[in-house]
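Novice: structure of the sequence below:
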Amino acid sequence: MAFDSRLLAGIGVLTAVVESGSFVRAGEALGLTPSGVSRAVGRLEGRVGVRLFDRTPRAVTLTDEGRRFHAQVLPLLAGLEEAATDAGGSAAEVRGRLRVNVDPWFARLVLAPRLAGFLDAHPALSVELVVRDTLGELVAEGFDAAVRFGEPEPSGLVARKLLETRILTCASPGYLARNGTPLHPNDLERHACLMFRDSVTGRPFAWEFCRGDEVVAVKVNGRMVLNDLATKLAACAAGCGVAQTIALGVDSLLASGELVQILPDWADERFPLYAYHLSRHLPPAKVRAFLDFVVASVMGSSIRPAGPAVRDAVPATADEGR
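Specialist: Modelled structure (predicted):
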């Protein structure tokens, strides 16, 4: 089938609508009237044979088909842009705006102290760091990359594992003095436990304990549910109860004695950290630079959780790159 150049123009309009959130703002960015944008989208919908947007007087949102179509064509547009830059002899130049979705704990603990050096190295780049506890829709929300804890959900994104950190169980010395020290995971059924909300399911994470190949699931109870790791650790240090936490960044609290690790023989569970981006084929230079920066931050971090908590950053394998 002969290539229809109008299809590429329509895709450009589609992307402008998604990034701006409305036909009016897309028209302002492209130098078109809102009706011109609407006609271009209509022609594209007729060309591909599906409705791409749900339109109401208050909002314009992608349909499921539109979201899939946009997710498939966006990496191709990025590749075209990168190829054009390459042809101009400046493929290595890192510039423009980089919008990144980052886990709050990792952003605070690892990235924030090092961002000044990253910006100094790339003076033509600006960074928008969105710190939140969910991945969301990377494409539809206009993100270039993300850094999140937890195993990847099935998607069209490329996921690269950066590290694995152990899961520790901790309490304050005051709490243990009042309530005793658990000697086995099942002992926690009689303790106040600080629950942490899973941002995906909306329910508290289940508690498991691993010792080699042995896994014990414990039905813990608690009157406090939190969704911020720093707040949970502060509550734990204040004696509110027992907490399970990733080992990354807890070493200073353990070294100072504010927290005490309990059940150390049952701390073999690992929790991964992944970096995400949109395409494995010719990602923009700014994305490559950011991923290199994140890997260097992980490898060069002075943060060393108790025990062998951090595994060296590794490239994504076939089953890690989705």
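
Novice: which secondary structure elements does the helix of greatest length in the chain contact?
Specialist: Counting by DSSP state H, the longest helix found in the chain is helix 64-87. Helix 64-87 makes packing contacts with helix 5-20 when contacts are defined by 3 or more CB pairs under 8 Å, 6 or more residues apart in numbering; DSSP states H and E. C-beta: built from backbone N, CA, C; applies to glycine.

Novice: what residues sit buried inside whatever helix or strand comes next after the helix it packs on?
Specialist: Proceeding N to C from helix 5-20, the next assigned helix or strand is helix 23-30, under DSSP states H and E. Residues 23, 26-27, 30 are the ones in helix 23-30 that count as buried (16 or more other CB atoms under 10 Å).

Novice: how many degrees apart are helix 23-30 and helix 5-20 in direction?
Specialist: Interaxial angle, helix 23-30 versus helix 5-20 (axes from the mean of the first three to the mean of the last three CA atoms, to 10 degrees): 120 degrees.

Novice: give the other helices and strands that helix 23-30 contacts.
Specialist: Secondary elements touching helix 23-30 (3+ CB pairs under 8 Å, 6+ apart): helix 5-20, helix 34-48.

Novice: so what's the gap between it and the chain middle?
Specialist: 29 Å (CA atoms, centre = their mean, to the nearest Å).

Novice: contact partners of the helix or strand in which residue 129 is found?
Specialist: Residue 129 belongs to strand 125-131 when assigned by DSSP H and E. For strand 125-131, the external contacting residues (CB atoms under 8 Å, 6 or more residues apart in numbering) are 94-104, 107-108, 111, 115, 118-119, 143, 286, 289.

Novice: so what strands line up beside it?
Specialist: With DSSP bridges as the test, strand 125-131 is paired with strand 96-102 (parallel).

Novice: go through the strand it pairs with and flag the buried ones.
Specialist: Quick answer for strand 96-102 (16+ other CB under 10 Å): 98-102.

Novice: repeat that for stretch 63-73.
Specialist: Neighbour-count burial for stretch 63-73, with 16+ other CB under 10 Å as criterion, is recorded at 66-67, 69-71, 73.

Novice: now do stretch 65-79: distance to the chain's middle.
Specialist: Chain-centre distance of stretch 65-79: 20 Å, with CA atoms, centre = their mean.
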